[in-house]
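In: build me a model from this:
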Amino acid sequence: QMQVRKCPLYSGYVGIWMRTDKPPYNDVRVRRALSMAIDRSALVNAVLMGEGEPMGVLPAHLALGMAVNDFPPEVRKYLEYHPDEAKKLLQEAGFDKGIKVQFMVTAVYRSPYNETFEAIADMWNMVGIQTSLVWLERGVYTNNIVVEGDFPEISFTRPGQSDPYLWLGRFHSKRTPREENKSRVADPALDKLLDEFQVSVDEKRQQELARQVQIRVADQAYAIMAVNRLEFTLANPWVRDMGETGYVVFPQRMYERVWLDK
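Out: Below is the predicted model:
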């Protein structure tokens, strides 16, 4: 009897990028407000139909990933739904009447991405972040956003990266090109952590550095990952580790761990 297996997705989750090199996104209070205005649990329940999980920076099931609850309380709040606090931060940043933003997206990835964009726009609107969804044709989106990393305010990509070293390196301003560092992060403190993380050969030190990097990224709200959906596979019960490892860019990596209990 075949069984349906499910696991969190390694890659393909929505990554929301903000132009931190220009107003108002160069103000951490605005970025934090954008993150705190997103009800991640509602996205999981309503858009993903319960088949997903709130995200911090990396998918929690990766070796170096952190679940939302793993973040210290003073940072975790920026990954949780606090609409009143989001409004307060906007006011403190000088936007008493709210702000207007353009969120550039594409419909090419279909469901559940399109519904996720619309839900996030509604949530932002509720706290005074007047959001216009700009739907781009696939060629324009791929060239401008994915390849060139060129957009005026806010956009998204499906990170498509299961390697935590490469993924966290996207916030490395000294080494990462614009098409990768889409939020234009320029943070010497973060660069210092990433410099050591990417050359360290001590496993425990790597884990601690990865933790510090994720905390710094979440604290400064350099990007918003929001939620991670589940992936499903179908296999006989005697096929083990099929589905528990998730989808990656190159599917053959998934099958390296599969073994037969028969």
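In: count of neighbours near the residue lying closest to Ile224 once chain neighbours are set aside?
Out: Distances taken as C-beta to C-beta, 6 or more residues apart in numbering put Ile16 closest to Ile224, at 4.0 Å, once the chain neighbours are dropped. Placement of C-beta: from N, CA and C, glycine included. Ile16 has 23 neighbouring residues, counting by other C-beta atoms under 10 Å.
In: surely Ile16 is within a helix?
Out: No - counting by DSSP: H, G, I helix; E, B strand; the rest coil, one finds Ile16 to be strand, located in no helix.
In: beta-bridge partners for it, please?
Out: For Ile16, the beta-bridge partners are Phe156, Ile224 (DSSP bridges).
In: wait, doesn't it sit right on Phe151?
Out: No - the pair Ile16 / Phe151 is not scored as a contact, 11.2 Å apart, by C-beta atoms under 8 Å.
In: what are the ranges of the strands in the stretch 51-200 of the chain?
Out: Secondary structure of the stretch 51-200 of the chain (DSSP state E, counting those that start in this stretch): strands at 52-54, 99-106, 129-136, 154-157.
In: just name the most buried of those strands.
Out: Of the strands of the stretch 51-200 of the chain, the one with the most neighbours on average (mean count of other C-beta atoms under 10 Å) is strand 154-157, at a mean of 24.
In: how far does that one sit from its chain's centre?
Out: 10 Å (C-alpha atoms, centre = their mean, to the nearest Å).
In: so what does that strand touch, helix or strand wise?
Out: Packed against strand 154-157 by the contact rule (3 or more C-beta pairs under 8 Å, 6 or more residues apart in numbering; DSSP states H and E) you find strand 15-18, strand 99-106.
In: state the mean pLDDT of the shortest one.
Out: To tie it back to what came earlier, the one meant is strand 15-18. Averaging pLDDT along strand 15-18 gives 94.
In: hmm, who's touching it?
Out: Strand 15-18 is touched from outside by 25, 31, 34, 103, 120, 151, 153-159, 182-183, 221-226, with contacts defined as C-beta atoms under 8 Å, 6 or more residues apart in numbering.
In: using CSV, write out every CA atom in stretch 186-204.
Out: Output of stretch 186-204 as CSV, limited to C-alpha atoms (Å, rounded to 0.1, in the frame of the first residue of the first chain):
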residue,chain,number,x,y,z
ALA,A,186,25.6,46.6,3.8
ASP,A,187,26.2,45.6,7.4
PRO,A,188,29.9,45.4,8.6
ALA,A,189,28.8,43.4,11.7
LEU,A,190,27.1,40.9,9.5
ASP,A,191,30.0,40.8,7.1
LYS,A,192,32.3,39.9,9.9
LEU,A,193,30.1,37.0,11.0
LEU,A,194,29.8,35.7,7.5
ASP,A,195,33.5,36.0,6.8
GLU,A,196,34.3,33.7,9.7
PHE,A,197,31.3,31.4,9.0
GLN,A,198,32.3,30.7,5.4
VAL,A,199,35.9,29.7,6.3
SER,A,200,35.4,28.0,9.7
VAL,A,201,36.1,24.2,9.7
ASP,A,202,34.9,23.7,13.3
GLU,A,203,31.4,22.3,13.3
LYS,A,204,30.3,23.7,16.6
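In: nearest to Ala235, of the helices and strands packed on strand 154-157?
Out: strand 15-18 (29.6 Å; C-beta to C-beta).
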